[in-house]
Structure formats: C-alpha cells, structure tokens
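In: need the 3D shape of this:
(chains A and B, ligands or ions: 1)
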Amino acid sequence: MPAPVPFDPDAIASAKLIVRPAKDGVTIKRTICSTCDIACSVVTESKQGRVVKVRSSDNPIFRDNICMKGIIAPKAFAHPDRILHPLKRVGERGSGQWEQVSWEDAMSDIGQRLKKVITEHGPEAWAVSTSQWNTATDHGLGRRIMNHVGTPNWISGVALCAGNTAAINRLTYGWFPMGDFNNTNCIVLMGHNPRRHSWTPIYNYIRSAQERGAKLIVCDPRKSSSAERADIWLPLKAGSDGAMMFGWLKVIFDEGLYDKDFVANWTVGFEELRKRVDEFPLDRVAKLTGCDPDMIAKAARMYATSGPSIIPWTPITDMQRNSTSAIRLQSILRSVCGYVDVAGGETLQGFNPDIVPESTIEMHEVLSEEQKAKQLGSDTHPAFTYRGQAALREPLKRVWGHEYVNQVTGCYMANPSATFRAMAGEGSYPVKAFFALGNNTVMSYANMPLILKGMMNQDLIVAHEHHMTPTAQLADYVLPGDSWLERPWLTDAFGWMSAYRPSEQSMEPPGEAKSTWEFWKHIANALDRPELVPWETLNDFYDDRLKGTGMSFKELSETTEIYFDKPVFRKYLKTGFATPSGKVELKSSILEDLGFDPLPYFREDPPADPDYPLQMFTGVREDGYFQTAQRQVPEMRKRAPEPQIFVSPGTASEYHLGENEWVTIENQIGKISAQVAIKEAMPDGLVRVPHGWWKPEMQQGAGHLSGALKYSDAQLCRDDEDYLDREQGIPHLKGVPCRIIKSPSGNATKTEAKV
Amino acid sequence: MSPFYSDDKRRELSAKLLIWLAARASRNQSMLDRLCLWLVDRAMRRDPDEDFMRDPIIDNDQGFDPEELDRYQRGEK
Ligand code: SF4
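Out: Predicted structure coming up:
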C-alpha cells in the first residue's frame, strides 16, 4: 500500500534522517509482516540464524507501520506448541491422537486418497479453504492446480471480508478502487475503526490526513476511538449502512451536489437510480438509521463538497443482509461525486505491466465452462462466483488486459455455506476432500454446527498450519507451515494495487515446516501433474514473474522496497470502464441479467422476536489477535485473557449485568459464554461479541475443540435466508437478535453442536 | 499558484510527484535516490512531542536472545 508522503515545509526545515545502523553479529533483512492481512514493511534483526527482533522500517514511507503483533512475532513463532513435523491422525476423526510421519509418506497418501475422491465423485468433490496471508501465501498456485484438476470450489474468509467488496465494486466500475489517503480532503469510515495496533497503516494514513486538514466522517453505532476524532459522527443503527447511503444520495441529488458532467458522460441508469433514491426521504432514513436528519444532511454535504473524498474499504459493510446494495451505494456515491480514478479520490490502479500477476498464475481459463457452472452457490447467490463475474471477462480484457482478474483473491469464489452443505451431504453433489491452509475453517464462517457436520463427513481433510487449531484437530493430516520470517514473499496487496513489495527470507523454517508454495508443488507431484509447478524453487518462480522488470528477485529485494507503476488518472477517458457498457453502471446490467434488482435497495429487519430482545454485532477483531489466532501467545493473552462482550451501562442495568460477570449469549442456532464489559461508548440494546475465541490450552479433539464449542462466535452466526445477503449469500453479522442469560457459575452452557 | 492549472491538475501532479519521490526513496541506490529519501524523511518526521505515532510498545526496542528463543521453542524455561 503506498504510504502517505505529506509535504510540510516546516517539517522539512527541522528534521534529520535517522537510519539505525546494524549492530555487530546482527543480520538485517527488509521484510513484510503477514501476521495479519495488512502486510506492513518492517525490518528483522537476526542473531545466530534466528530472528530476535522485528522493528519498524528505516524508510520514512513505512516507518510507523508496525504493531504489537509484528513486534512479538519472533517469540510467537517460536512457541513450544508450534507444529514442526507432519502429523497423521490415529483413531477416529477428532480423536486427538497423532503419529509423526515424513512429508514424503504424508504426500503420497494424500495424493492417493485425493485421486480416489476425484475418481469416485468428480474433481468438484475437492474443496479448499485458505487465504493469502500468514501461512497461506500461495501466490496463486492453489487455484492454478485446482483449475487444472477441474474443481471450482475454493473458499476463503475474504467471502465476507474485502474479497466480496472487490467483486461487488467491479459490478459498478470494473475494478476495486484504493483510496488515495495522501491527497484526499475527506475520509468516510463506515463502522471501521483502524487503531494503532489494528489496521495500523490505515490508522497512520488517516491521522496524517487529519493532520493536514482532511475531514473525517465516522458512521458507527459505537462511539469508537475513530468516532471520537471525527468531524461528524453518525451513530447509525447496526446494519443500516445502505439506508444511510441512500440518505446521502438523496441530499446530494436534491441539492445538485453531484458531478453533473461525469454523470451525463460516464454513467448509465441515473434516472432510474434517482427514482429509487427518492424512495428514501430523510425522515425515512432517520427512522431506518436512528440518526438525526440534519446530521445526515450535513455529512452528505461534507462528503460531496469538500472532496475529493474517499470511502475506504470496511469489513463492516461486507457483513450485512444488504451488503451488495450497500457496497454498490458506496461505489455509486464515489462515482456521482466524480471521485473515481482521480488524485485524492478512489484510484483504479490496474496491473503493473512489468510483473506477472497472481491472476495469471491462477489460470482460470483452463477450468472448463462445465466445471465453472458447478461452483457451489453460483445458482442461488452468484455475485462473487464465476457465474456472477462472467460478464466482466470481455470488459476486463478490454481495459486491464486480462480476462480473469482476481482481486483480493475473492472474485471467483464458491459460496462458503453452499460448500459446507455439500460437505455435509446436503448439496446437489458431495464434497468429500477438504484442505484448510492457514485457515481455521470451523470458526471462520457462519453456521459452525453445519461446518462441523461437513467436516465429520469427509474422506480426507488436510490442514497446513502453525498450531493445532480446532480445524486441524479434525484433520487426517496436519502439516507444518512456515511463517513470514522464514520465506521470501512478493506482494501486490492481493491484486488491489499496482505497486509490488519484496520481502526477504530472514531465517530457516524450524523443524520440517514448509511454505504453502512447496505444499502445492508437492500436491502437483502427488497428483502426477508436476508440469503444473515447473519452477524448481520459489526464487525461480519469482525470477520468472519479475522478468519484465529486468531484475531478479534477489536484485529487486536488495535494491527496492516498493516497485511502483507510474500513476495515471482518469484512464477511462481512453479505455472506458471495465463494465459491459463501458460506463459506470449505476443500474447494474450484470445484476439484472442474473435476475436481481439492478438498483440498490434496502431490506428492513425481519419482525422482532420478543424472546431475543437484544441485537448482536459480531466479527470484531481485538488488537492482540488476528482473527482466530494468537490466543497461545502469553504476551497477547495477558492483555485480553477472556472473551468479553461489550454492553452499554443502560443495557447492563436493565439486565442486571455486572462487570466481568460470566454470561451466556444465545440466539436460535447456538450459545456461547463470555464475560461482560460495560462500556460507555456502546449504544443501548447492542451487544458486541468478539470474533474467533478458543483457548489453545483447553482439551483438544471432537466434543471440545479447545474451547471453540464454548466460545466461538461462529456458533451464533446465522445463514438462513433472512440473515443472508441475497446476491452474495454472505451472512448478516451486524445486528442479529440475541439474548443474554446470566450464568453465575461461570460455566458456559454447552453448545448443541454434535461433533 | 499557477493560473494555468486547475485544482484537479495540481493535485494530480502532486500525487505523481509523491509517488516518484517515494519510489526513488525506496531504492536508495544513487545520490538522487538518497536525496529523495532525505526529502521524504524531512517531510514526514514530526516533533516527538507531537508524534501521534509514537507508542511505548513500538519504541521500546524490545528484542529477544537467540538462546532464550531456542529454549522457549523446546518448551524449557
Ligand atoms: S498491522 Fe501488525 S500484524 Fe498486521 S502486518 Fe502490520 S505489523 Fe504485522
């Protein structure tokens, strides 16, 4: 991600460049942290062949981009419970008993068993769940092998976090934009709350922008730390992002604050959109969002008139019943105000022409149309599947030079819930082999009971991991993955940006840990398809991808911290937009052809259930933890030893809840235990449930899963139609009915999930 | 400001200049690269008292001993 480079003459006059010198016996490497998905450029210091320190970069561009998770990484990856050798299950699935085997034996058996599943059920009976960070940076090789073998069933947490936003943004203007924080005048955070130790670079960008005078608008039910620093805070009702955006558009259209030339020349569907927006007068929006109409109007005016403005990606809008419409409404706001592909606005960066992108490595073109059509969920919720993105093939080729552009790895995914149903034997065809790479699948999607049922119904489960996660505990094989300290990497921010950054390998992997790249090379060999990964080593692979730069990977990493493509703005003047019409589609031809409403809309909440009087907001990260990880790191656990729900003082008093009291939170599908934390910043009636809790020290194996059955929020995440976005089929996590039951013993009530 | 450039054009030129400077600064190979690095650094450095990015965890220079990490990995005290 390009860092802010603000120019302040006073700062220039008074500052000194400080580069920290290497100490004796210390080897320094420029590295990219991938403990979380932000990918900060940092520096590692090694002694006696092992990394002893991670510190921030000497380059001022990246200097402040590091958080506590990056700093603690040398110790976190040296954890005594880290898996260092391949393990094979002994006894029943989930027995918790393992024997150590060699990589060769493991891979040979995995290859045989995977071939058997493919022969008996077809290649689509093999599903993979992974991502592109932590252990799982596979450079597109996983998709490449799956495409050649013939399975479209790849899923990832990006289905409800950024990958889906990328796919939906493309329906409007053919690319997923990146906000130009360095030059913007106004930033809008939709529920997003970047902090010093979570989404660190984004926090730094926002603070820098504010320092030079940019405005900040925050829409968040809770008075978050970002909301405290905002020029305008709109405490909207959880899950009402779409309604809020309709309100802004109503003001912007009624007051003529939009970019009329751009709308006239570069958009289609304006009149139809305007009619739809007219259905949202401010008094209706105020009811739907719970916000004051004057404040809504003030925010809309600020966004439209102080621009160029940006609405950075937020995971919050990704996870709602109206996610597709709300993401589209953000895209539409950016477009009608003229902020797309301009400096200070939303940049459409395309590919760096010098470097082979991961989309090309993935080779989606080799997967037959017949197999693409089998992608799970594409019949009912197609938006980010091959079917949903098919109409973009020609436009993407026309504008960006590639027919298949996979951004944030999420533009050609299967639907997770549909995949788990197929794994559980409830789909249109069976899925019988499942790989989880750097992905704690059972806790990372909605409807955990369904996922567990699917896992228990598999012929083969392979986990590539650092630790014995609840998912790994149900595997046939657990294979040791390397960490970002132990391998080189080349990142392009997951296809979002045109700038590349190399990361040097800082130390050898411990034990028999191997990279995901090596894992896939072994799988290609085990499937008798060695030609699919023809490169001998990861470095050869990088050299091949970098040929256009005239540098090898070694040269690039020694000389260059970030390899930029020259920025060009308003490229659409020459190429048009990468949509079927070549224009910004305010009314989406793609959604219309798929049988959906081509205009954004807003589904109100289902009727209230008096048995579940509170609303739950889940999927929230804590500073010391990335998703379901890091609970075994003592330094992190000390800071947040137990899962805590946040409630307002009003809600606490209404339900007689005391600080630190253990309670059960339940809804129609499950129940979990957590401690109460009473927070002034919370609105009444809303319960914030932390994401991804399990306790690695607790009993492993089926029936226990190290506390995941007691604490994991995924047990409360519904995936029935009322609580799914229609177009994408992703769950509503922002405002789900629930209740709190006092459990004075401190013992959680048991989940009903049967493993 | 030059009357020949609109706000948009100026912003665009400045954005391109910033990327160019950042690219040079990140190479640090030639005299020009180093000059750019120096410029970028000066532009971004804040008075420590006003540096909102300072944080005790970031600044405390925390490191580990390699033997200590080896022992930890083996599960020893
Ligand atoms: S925010 Fe922290 S964990 Fe994430 S990449 Fe940056 S340093 Fe690493």
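In: so what's the most centrally placed residue in chain A up against?
Out: What sits nearest the mean C-alpha location of chain A, by C-alpha atoms, centre = their mean, is residue A:161, with 3.4 Å. Residue A:161 sits next to A:315, A:318-319 when contact means C-beta atoms under 8 Å, 6 or more residues apart in numbering or on different chains. Any C-beta I mention is one placed from the backbone N, CA and C, and that applies to glycine too.
In: apply 6 Å and report the result again.
Out: A:315, A:318 (C-beta atoms under 6 Å, 6 or more residues apart in numbering or on different chains).
In: can you check residue A:535 too?
Out: Neighbours of residue A:535 in contact, by C-beta under 6 Å, 6+ apart: residue A:541.
In: can you do 8 Å?
Out: Residue A:535 touches A:541, A:544, counting by C-beta under 8 Å, 6+ apart.
In: check which helix or strand it maps to.
Out: Using DSSP states H and E, residue A:535 falls within no helix or strand.
In: ok, back up a step: what does the residue nearest to the centre of chain A show for phi and psi?
Out: Torsion angles at residue A:161 (phi, psi; degrees, to the nearest 10) stand at phi -160, psi 90.
In: got a pLDDT number for it?
Out: With respect to pLDDT, residue A:161 scores 93.
In: quick one: buried residues of stretch A:512-523?
Out: Neighbour-count burial for stretch A:512-523 flags A:513-523 (criterion: 16 or more other C-beta atoms under 10 Å in any protein chain shown).
In: touching chain B at all, it?
Out: No: with C-beta under 8 Å from any C-beta of the partner chain as the criterion, chain B is not reached by stretch A:512-523; the gap is at least 11.7 Å.
In: and the contacts of that stretch?
Out: A:83-86, A:103, A:107, A:110-111, A:114, A:130, A:135-139, A:141-142, A:144-145, A:437-438, A:464, A:479-483, A:486-487, A:509, A:533, A:538, A:541.
In: residue ranges with poor pLDDT in the chain?
Out: All of this is about chain A. Residues of chain A meeting the criterion pLDDT under 70: A:1-19, A:136, A:744-755.
In: please go with chain B instead
Out: Those would be B:1-5, B:46-61, B:77, if you go by pLDDT under 70 across chain B.
In: quick revisit: gap between the residue nearest to the centre of chain A and residue A:724?
Out: According to C-beta to C-beta, to the nearest Å, residue A:161 stands 16 Å off from residue A:724.
In: now residue A:523
Out: Applying C-beta to C-beta to residue A:523 and residue A:724 gives a distance of 32 Å.
In: just residue A:616 next, same as before
Out: Distance from residue A:616 to residue A:724, by C-beta to C-beta: 16 Å.
In: higher neighbour count, the two?
Out: residue A:616 (25 against 21; other C-beta atoms under 10 Å in any protein chain shown).
In: name the nearest residue to that one, sequence neighbours excluded.
Out: Excluding the flanking residues, the one nearest residue A:616 by C-beta to C-beta, 6 or more residues apart in numbering or on different chains is residue A:738, at 4.1 Å.
In: quick one: residues contacting the one you found.
Out: A:612, A:614-616, A:665-667, A:687, A:716.
In: note down every partner strand of the host helix or strand of it and its orientation.
Out: Secondary structure from DSSP H and E places residue A:738 in strand A:734-742. Counting by DSSP bridges, the strands paired with strand A:734-742 are strand A:614-620 (antiparallel), strand A:662-666 (antiparallel).
In: just checking, residue A:689 touches residue A:618?
Out: Yes: assessed by C-beta atoms under 8 Å, residue A:689 is found in contact with residue A:618 at 4.2 Å.
In: hey, what's in contact with both of these two?
Out: Joint contacts of residue A:689 and residue A:618 (C-beta under 8 Å, 6+ apart) are A:713, A:716.
In: neighbour count winner among those two?
Out: Each of residue A:689 and residue A:618 has its neighbours counted (other C-beta under 10 Å); residue A:618 has more, 26 against 23.
In: just the contacts of stretch A:512-523: which are in helices?
Out: Residues of the contacts of stretch A:512-523 located in helices (DSSP state H): A:103, A:107, A:110-111, A:114, A:141-142, A:144-145, A:538, A:541.
In: can you add neighbour count and distance to residue A:203 and give those residues back as a markdown table?
Out: Below are those laid out as a markdown table (neighbours: other C-beta atoms under 10 Å in any protein chain shown; distance: C-beta to C-beta, whole Å):
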| residue | neighbour count | distance to residue A:203 |
| --- | --- | --- |
| A:103 | 16 | 40 |
| A:107 | 21 | 42 |
| A:110 | 23 | 42 |
| A:111 | 17 | 45 |
| A:114 | 23 | 43 |
| A:141 | 25 | 33 |
| A:142 | 24 | 31 |
| A:144 | 22 | 35 |
| A:145 | 22 | 37 |
| A:538 | 21 | 32 |
| A:541 | 21 | 34 |
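In: and those residues near the ligand, which?
Out: When contact is defined as C-beta under 6 Å from any ligand atom, the ones in helices among the contacts of stretch A:512-523 do not meet the ligand at all.
In: how many other residues sit next to residue 35?
Out: Unless you meant another one, I'm taking chain A. Residue A:35 has 26 nearby residues by other C-beta under 10 Å.
In: chain B, not that one
Out: There are 13 residues near residue B:35, going by other C-beta under 10 Å.
In: that one in helix, strand or coil?
Out: With DSSP: H, G, I helix; E, B strand; the rest coil as the basis, residue B:35 sits in helix.
In: if we can go back for a sec, of the strands paired with strand A:734-742, flag the one that's most buried.
Out: Among those, ranked by average contacts under mean count of other C-beta atoms under 10 Å in any protein chain shown, first place goes to strand A:614-620 (a mean of 23).
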